[in-house]
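>>> 3D model of this:
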Amino acid sequence: MKKTVQIFSMLLIALTVMVSCKKDTDPADRDFFVGTYKGTVSYRSGETTTNSSDGKVTVSKVGETYNFYFGNGIPDITGVKFEKTGDNSYVSIGSGLTGISIDASNLKMLVSKDGQTWTANCTR
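Here you go, the predicted structure:
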C-alpha cells in the first residue's frame with residue numbers, strides 16, 4: 001500500500017510540474033487583434049461613396065490570414081497577411097492589400113484595390 005501511495009504521489013507531482021511550466025506566449029500569437037473595432041469607416045467605388053462615423057469593423061483570423069468585415073453595405077476585405085512592426089503592432093503586406101495597421105486597440109486603414117477605396121480609423 002505504501003508503494004502505491006508513493007507512486008501516485010510522484011505522478012501527481014510530475015503532473016503538477018508539467019502543467020505549471022507552460023511556455024510564455026506573446027499575446028499577439030493568440031489572435032490578439034481578433035474582435036470588433038468601432039469608429040469612422042468609408043468606402044468608395046466609382047461614383048458610390050459610403051461614410052459612417054459610427055461604423056464598425058470585425059476582424060477574424062483564418063489560418064495565417066485576417067478578414068475584415070464591415071457593416072453599412074461596405075464590401076469585406078479578406079485574405080490579408082500581416083508583418084510585425086513593433087511591440088504587438090502589425091502592418092498588412094501583399095499585393096493590393098497594403099495600408100492596414102493594427103494593434104490591440106487601434107485599426108487604421110487606407111486600402112485601394114481595383115478602383116475601390118476603404119478607409120477606417122477605429123478603436124476598441
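>>> residues contacting residue 45?
Residue 45 sits next to 115, 116, 117 when contact means Cβ atoms under 8 Å, 6 or more residues apart in numbering. Using the backbone N, CA and C atoms, a C-beta is placed for each residue, glycine as well.
>>> now those as TSV including neighbour count, distance to residue 46 and pLDDT?
Converted to TSV, the contacts of residue 45 look like this (neighbours: other Cβ atoms under 10 Å; distance: Cβ to Cβ, whole Å; pLDDT from 0 to 100):
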residue	neighbour count	distance to residue 46	pLDDT
115	8	7	89
116	15	8	92
117	15	10	93
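>>> looking at the residues you listed, which is nearest residue 41?
residue 117 (11.5 Å; Cβ to Cβ).
>>> elements contacting the helix or strand that contains that closest one?
Counting by DSSP states H and E, the element that carries residue 117 is strand 116-123. With contacts defined as 3 or more Cβ pairs under 8 Å, 6 or more residues apart in numbering; DSSP states H and E, the secondary structure elements packing on strand 116-123 are strand 35-45, strand 48-62, strand 106-113.
>>> and those strands as JSON lines, adding distance to residue 3?
Written out in JSON lines, the entries for those read as follows (distance: least, Cβ to Cβ, whole Å):
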{"stretch": "strand 35-45", "distance to residue 3": "53"}
{"stretch": "strand 48-62", "distance to residue 3": "50"}
{"stretch": "strand 106-113", "distance to residue 3": "60"}
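>>> what does the pLDDT read for the residue positioned nearest the centre of the chain?
Nearest to the geometric centre of the chain sits residue 33, at 2.9 Å (Cα atoms, centre = their mean). With respect to pLDDT, residue 33 has a value of 81.
>>> burial check on the closest residue to it other than its chain neighbours, number of neighbours?
Once its chain neighbours are removed from consideration, residue 33 has its nearest residue in residue 102; the separation is 5.1 Å (Cβ to Cβ, 6 or more residues apart in numbering). Counted with other Cβ atoms under 10 Å, residues neighbouring residue 102 total 25.
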